[in-house]
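K.L.:
Fold the following.
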Amino acid sequence: MRDLIALLTFLAFTSAAAKPNAGLKTWSRFSKLPYPGDKAFLYDTFPEDFIWAVGTAAYQVEGAFEKDGKGLSIWDTFTRGGNRMATGDVGSDSYHNIHADIRAIGQLGVSHYRFSLSWSRIFPNGTRGSYNKIGTNYYRTLIKRLKEIRVQPVVTLYHWDLPDHLQQSLGGWSNPELVGIFKDYADFCFHTFGDDVKYWITIDNPFVVARHGYGTGVVAPGIKNDPDLPFRVGHNLLKAHAAAWHLYDRHYRPRQHGKLSMALASHWIKPSRTRLESLRECQCSLDHVLGWFARPLFTDGDYPPCMKARLGSRLPSFTQEEREQVRGTADFFALSHGAALSFQLINDSLKFGQQEDLDLRMLLYWVNAEYDRPPIFVVQSGWYVLGNTKTEDPKHMYYLKTFIAEALKSIIIDGVNVIGYTAWSLIDGFEWHREYGIRRGLYYVDFNTPDMKREPKTSATFYRNVIQRNGFPELPENRPAQGVFPCDFAWGVSANSIQVESTPSQFADPSVYRWNVNNGELMRLEGFSSPPLRRNTHCADYATVDEIRQMGVNHFHFSLNWSALVPSGDVARPNAALLGYYRCFTRQLLQASVTPVVTLWHHTRQRSSLPAPLDTNWENLETPEAFADYARLCYRELGAHVKIWITLNEPNDEMVSYQEGHQMLRAHALAWHAYDREFRHLQGGQVSLALHMDWVEPAFSFSREDVEPAKRVLDFFVGWFAEPVFGSGDYPLGMRSWLRQLNSLDLPVFNEEDRRLVKGTYDFFAISHFSTKLVTHAKEDSYTYTAMLEVQHMIDTTWIMSSMPVVPWGLRKALNWVKEHYSDVPVYVMANGVQEDPARFKDSLRVYYLYNYINEALKAYTLDGVNLKGYFAYALSDQRDPGFGLYGQVHEEVIVKASLSNYRNIIQHNGFPVQGAEPQQCPSLPQPCLGCHVLTKRPVVGFLTLVGSGVLITLGLIIYYSSRRHKECY
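P.N.:
Presented below is the predicted three-dimensional model:
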């Protein structure tokens, strides 16, 4: 299948190779890929001969700026002028630390090491006459040591550090004489090192050299007076590269068999609007940065038409002979991507009103289409962390993961010929215009130690693991599971609340109407009214019940409203109409073979929903007793129909204080004991509380320093309520000890009476789970750092993003956490869903979400032995839970979304049965019997009730078929 995809892609590209602006189709192509499936992480491996590399640049890391005869470079001069605060005089001192760098390269396991030659170390004044043997021998030694560890060098001739003598005497790259001088320098390097070098880069990132060295003055040599100078510099850079390429091609390639290119850097850009004009502006933006140099090399030896049209005479022109000299002078496409350019050195004038983006995969596809499928070697890629970051660099690691994953998709899915990837950089160093304010190394360099001590960062460990596995091979836990849930599995749907029908029905309308039998219209007669009818209120939520039944679920979870049911706080004076409505609704659910699951109190941040007399405050010591009385009312009035109760839904919110949480636990315990002592023997139901439990994963799963913060967060947000109820009867030890370290007395202490009250007050463990987050102890971003817990929250940039990350395996880990902490406790996933645009009725994200999260739940049940009893999708409808519903709504019309059909299909199969296997044999479930609890306890009354029920049912059927009205009295 993989070979077939590659073949079709090749044929598609071959047929369209010669078209100008072929890259323009990139945006359209990616907008049509299946969502979110195309955004899902791809588990696969790179080709066997894939190049894994790491790189550095001479001025950033070498130091020894005046050692052993080295001449000054333009950076040595530039960093001593203006407002510059630091220099690269020492950098990472690689000149004196070859052994340390070689050890680091060996530890990573790369096949190639990209480094640059310091022109002024070899030729101090830039020309052959100033040849420096000691400087040259440094590179001979480096190459020799690389060969000893079987690492191939990728050598850059020029990485921004022109000999200062050439700048001062000739004006640097603004002078065409540099073309010949560079050719001679290249000739020396090919002759001296070429037998051991198979990949050459002539010039790194000519865009930065030309535009920012000779235009904005941001980098050396810092010239910024002539707005047209960058284009003349770029012209000379192209001709210098072409001269070096032809030299190598004629005189060295036949013997050395190497390859040579120019490293071109680019941002990515996406249209601000979905119009063709915006796409053309995106294309032009890329042409002004990447195409400026890539089109002459890979297409026709001339600049992009967009540049020529907008710049006119400001852009130098090639003669026909020069075009032929420049065209085709690249053996592969050397692409740089990441922090060196994107979001730092691209200003708004080159975005042409469009939006910059970090999408390596789309950039690779564009290069592939625009330049006729060249082999692409990513010669620089990575991100950065702040300068005070030490060995934990989570942001860099996850950006690295993203870029590598995008390169893999580019190869496997898009058919792009990516031949290698270079992580940047090997070690921390001097970061050009950012000086030492950021770090980009895989290895941390302690600049305050005499030997510039190197230590591997977490990103180095990650990169080494990727190289060892040659990508991201699919592991058993990544594969979808096959199997079914038990026959008595609870399939449900949740809603925060239900729509209580309080508008007058047709029976309360006193108007008189005339009916037109021809068209069926009713016309109200003015001045006429009918006498008032004495008729009971009707339970009018048949629509909701029908929607639930059509979903195929056998359970429905919704919440009552305490403040509405008992507005005065006195359970002796409840809202009888509302209570009757709930009674009717739960009865209708049972008649539709749907078991009601009822929450007594649902925590919401916006409002407390506590009765006003309680001062809307859980810290009120009277609230737990009042809640227990309210629970008794609900048990008494609704318990005949409700067998699964949730006392408190998601009380473990970070906005809840420890004092409030303490009283909530007491309230739950009192309500549980009330049911256990007074109602369970009659009603036979179950009671527990439901906790919000998003998973918390260590950012570095191989680092104990991050495992502990993850445990801490789970203690504080799940164990806070779970441990007193399901465990010891007290708060988690980790929670208490951490607060003790902070000298905090905020966490209440359970007295012995309360400990006995709370401990064991459960019949099952219910969780709401929606997403996963990463935590690390290394502070990076103050906005997502929790100082009290000393944890940095972050996300994996490869995750599918909605309002929250979509991470299916997080549910499996959460379920296993419950099992590990509380053994074989029955578990319900009481709410699980994702927010998506309510207008998207073909809700592909939710289809993907439900399928994969339920599949992870199946793994927890079948593979891990979690005692999973039920799963509830969230939510029923957008009407009450906007953006989460499996039903949509347009005005009064209810829309069945794609996710509902998919969910119903999973329910019908009771999971994901093995194809071709015998169907699961389940006994027929008994239908709900209203009033059966009376029969078992009071035989005589029960018999009379049964007879009376038969009469009522018969009368009901007569009335139903005569009136054809879908209303039910209660």
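
K.L.:
Would you confirm that residue 757 contacts residue 666?
P.N.:
Yes: counting by Cβ atoms under 8 Å, residue 666 is a contact partner of residue 757 at 6.7 Å. Just so you know, the C-beta spots here come from the backbone N, C-alpha and C atoms, and that holds for glycine as well.

K.L.:
and the protein, what are its domains?
P.N.:
Using the TED database, the domain parsing of the chain gives 22-471, 490-505+537-912.

K.L.:
centre of the chain versus the longest one, how much separation?
P.N.:
Relative to the chain's own centre, domain 22-471 is displaced by 28 Å; criterion: Cα atoms, centre = their mean, to the nearest Å.

K.L.:
what is the rounded mean pLDDT of that domain?
P.N.:
For domain 22-471, mean pLDDT rounds to 96.

K.L.:
end to end, how far does it reach?
P.N.:
Domain 22-471 has an end-to-end distance of 30 Å (Cα to Cα, to the nearest Å).

K.L.:
Check stretch 873-887 too.
P.N.:
One end of stretch 873-887 sits 12 Å from the other (Cα to Cα).

K.L.:
which residues sit against that stretch?
P.N.:
492-499, 544, 547-548, 551, 553, 556, 768, 770, 803, 831-838, 846, 850, 888-889, 894-897, 899-900, 903 (Cβ atoms under 8 Å, 6 or more residues apart in numbering).

K.L.:
List the contacts of the closest residue to residue 886 other than its chain neighbours.
P.N.:
In space, and not counting its chain neighbours, residue 886 is closest to residue 900: 4.1 Å by Cβ to Cβ, 6 or more residues apart in numbering. Residues near residue 900 by Cβ under 8 Å, 6+ apart: 551, 886-887.

K.L.:
Restricted to helices, list those residues.
P.N.:
Counting by DSSP state H, the part of the contacts of residue 900 found in helices is residue 551.

K.L.:
which of the contacts of residue 900 tops the neighbour count?
P.N.:
residue 886 (28 neighbours; other Cβ atoms under 10 Å).

K.L.:
got a pLDDT number for that one?
P.N.:
What the model reports as pLDDT for residue 886 is 97.

K.L.:
Please tell me how far it sits from residue 227.
P.N.:
Residue 886 sits 58 Å away from residue 227, going by Cβ to Cβ, to the nearest Å.

K.L.:
got it, and residue 269?
P.N.:
Applying Cβ to Cβ to residue 269 and residue 227 gives a distance of 22 Å.

K.L.:
In terms of neighbours, single out the busier of those two.
P.N.:
Counted by other Cβ under 10 Å, residue 269 and residue 227 do not tie: residue 269 has more neighbours, with 29 against 10.

K.L.:
Could you check how far the residue most central in space within the chain is from residue 405?
P.N.:
Nearest to the geometric centre of the chain sits residue 799, at 3.0 Å (Cα atoms, centre = their mean). Counting by Cβ to Cβ, the separation of residue 799 from residue 405 is 11 Å.

K.L.:
Repeat that for residue 920.
P.N.:
Computed as Cβ to Cβ, the residue 920 to residue 405 distance reads 37 Å.

K.L.:
who has more neighbours, these two?
P.N.:
The neighbour comparison of residue 920 against residue 405 (other Cβ under 10 Å) goes to residue 405, with 21 against 14.

K.L.:
Now do the buried residues in stretch 209-227.
P.N.:
209-223 (16 or more other Cβ atoms under 10 Å).

K.L.:
ditto for stretch 385-403
P.N.:
In terms of neighbour count (16+ other Cβ under 10 Å), stretch 385-403 has its buried residues at 385, 389, 391-403.

K.L.:
Need the distance between the two termini of that stretch.
P.N.:
16 Å.

K.L.:
any chance you could map the strands in the stretch 801-950 of the chain?
P.N.:
For the stretch 801-950 of the chain, the strands defined by DSSP state E, counting those that start in this stretch cover 805-806, 827-832, 868-874, 887-890, 893-896, 911-912.

K.L.:
Redo the ones you listed as JSON lines? Include distance to residue 154.
P.N.:
Converted to JSON lines, the strands of the stretch 801-950 of the chain look like this (distance: least, Cβ to Cβ, whole Å):
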{"stretch": "strand 805-806", "distance to residue 154": "36"}
{"stretch": "strand 827-832", "distance to residue 154": "48"}
{"stretch": "strand 868-874", "distance to residue 154": "52"}
{"stretch": "strand 887-890", "distance to residue 154": "54"}
{"stretch": "strand 893-896", "distance to residue 154": "56"}
{"stretch": "strand 911-912", "distance to residue 154": "47"}
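
K.L.:
nearest to residue 593, of these?
P.N.:
For residue 593, the closest of the strands of the stretch 801-950 of the chain is strand 868-874, at 15.4 Å, according to Cβ to Cβ.

K.L.:
got the angle for that closest one vs strand 827-832?
P.N.:
Put simply, strand 868-874 runs at 0 degrees to strand 827-832, going by axes from the mean of the first three to the mean of the last three Cα atoms, to 10 degrees.

K.L.:
So in that sheet, which strands flank strand 868-874, and in what orientation?
P.N.:
Paired strands of strand 868-874, with direction, are strand 490-494 (parallel), strand 827-832 (parallel) (DSSP bridges).

K.L.:
Which parts of the stretch 51-200 of the chain are helices?
P.N.:
58-61, 74-78, 98-108, 119-122, 133-148, 164-170, 177-193 (DSSP state H, counting those that start in this stretch).

K.L.:
Just give me the neighbour total for residue 676.
P.N.:
For residue 676, the count of nearby residues is 14 (other Cβ under 10 Å).

K.L.:
Give the other helices and strands that the one helix or strand it maps to contacts.
P.N.:
Using DSSP states H and E, residue 676 maps to helix 658-678. On a contact count with 3 or more Cβ pairs under 8 Å, 6 or more residues apart in numbering; DSSP states H and E, helix 658-678 meets helix 623-638, strand 644-649, strand 686-692, helix 720-726, helix 752-758.

K.L.:
make it 10 Å
P.N.:
Under the contact criterion of 3 or more Cβ pairs under 10 Å, 6 or more residues apart in numbering; DSSP states H and E, helix 658-678 touches strand 595-602, helix 623-638, strand 644-649, helix 680-683, strand 686-692, helix 720-726, helix 752-758.

K.L.:
Report the angle between the third one and strand 868-874.
P.N.:
If I follow you right, that is strand 644-649. 60 degrees.

K.L.:
Quickly run through the sheet partners of strand 644-649, with directions.
P.N.:
Strand 644-649 has these strand partners (DSSP bridges): strand 595-602 (parallel), strand 686-692 (parallel).

K.L.:
Which one, of those, ends up nearest to residue 140?
P.N.:
strand 686-692 (62.6 Å).

K.L.:
tilt between that closest one and helix 623-638?
P.N.:
Using the same axes, to 10 degrees: strand 686-692 against helix 623-638 is 120 degrees.

K.L.:
helix or strand right after strand 686-692?
P.N.:
Assigned by DSSP H and E, the successor of strand 686-692 is strand 695-698.

K.L.:
If you count contacts, what does the very next helix or strand once past that next one end up packed against?
P.N.:
Using DSSP H and E, the helix or strand that follows strand 695-698 in sequence is helix 704-714. Counting contacts by 3+ Cβ pairs under 10 Å, 6+ apart, helix 704-714 packs against strand 695-698, helix 733-741, strand 772-776, strand 785-786, strand 791-794, helix 809-822.

K.L.:
Would you reformat the strands paired with strand 868-874 as a markdown table and include distance to residue 604, mean neighbour count and mean pLDDT?
P.N.:
Output for the strands paired with strand 868-874, formatted as a markdown table (distance: least, Cβ to Cβ, whole Å; neighbours: other Cβ atoms under 10 Å; pLDDT from 0 to 100):
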| stretch | distance to residue 604 | mean neighbour count | mean pLDDT |
| --- | --- | --- | --- |
| strand 490-494 | 14 | 26 | 98 |
| strand 827-832 | 14 | 26 | 98 |
